[in-house]
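# Pasting a predicted model and its sequence here:
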Amino acid sequence: MIEKTITIQNRAGVHARPAALLVQATKNFKCNIYFEKGQDRINAKSIMGIITLGAAYGTEIKIIAEGEDEEAAVNAVVRLFESKFEEE
């Protein structure tokens, strides 16, 4: 299992477009991938889960991956967050 905490840096937070990009980036990995905010844990392959997480600018999110390709999955997700979903 790999865990990494990131902070949302794009001003609009995680809305529909970033959520779609996250699902697209995670859907082909075999491992289970989750986002955790406070006490809430959602499946990172679920667009509705990501949107309902309500991740605004400055929010800390923990990325959790479990499975054979967990490291590659976390790296792919971190790249998206670090690029601010190419919105800025």
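Cool, got the structure. Numbers count the residues shown, from 1 in each chain.

# mind listing the helices for the chain?
16-26, 47-53, 70-82 (DSSP state H).

# Residue 39 is nearest to which of these?
Among the helices of the chain, the nearest to residue 39 by CB to CB is helix 47-53 (11.5 Å). C-beta: built from backbone N, CA, C; applies to glycine.

# What residues of stretch 27-45 count as buried?
29, 31-37, 42, 44-45 (16 or more other CB atoms under 10 Å).

# Report the rounded mean pLDDT for that stretch.
The average pLDDT for stretch 27-45 rounds to 96.

# distance between it and the chain's centre?
Mean C-alpha position of stretch 27-45 versus that of the full chain (CA atoms, centre = their mean, to the nearest Å) differs by 7 Å.

# Okay, now that stretch: how far is its last residue from its first?
Terminal residues of stretch 27-45 lie 6 Å apart, using CA to CA, to the nearest Å.
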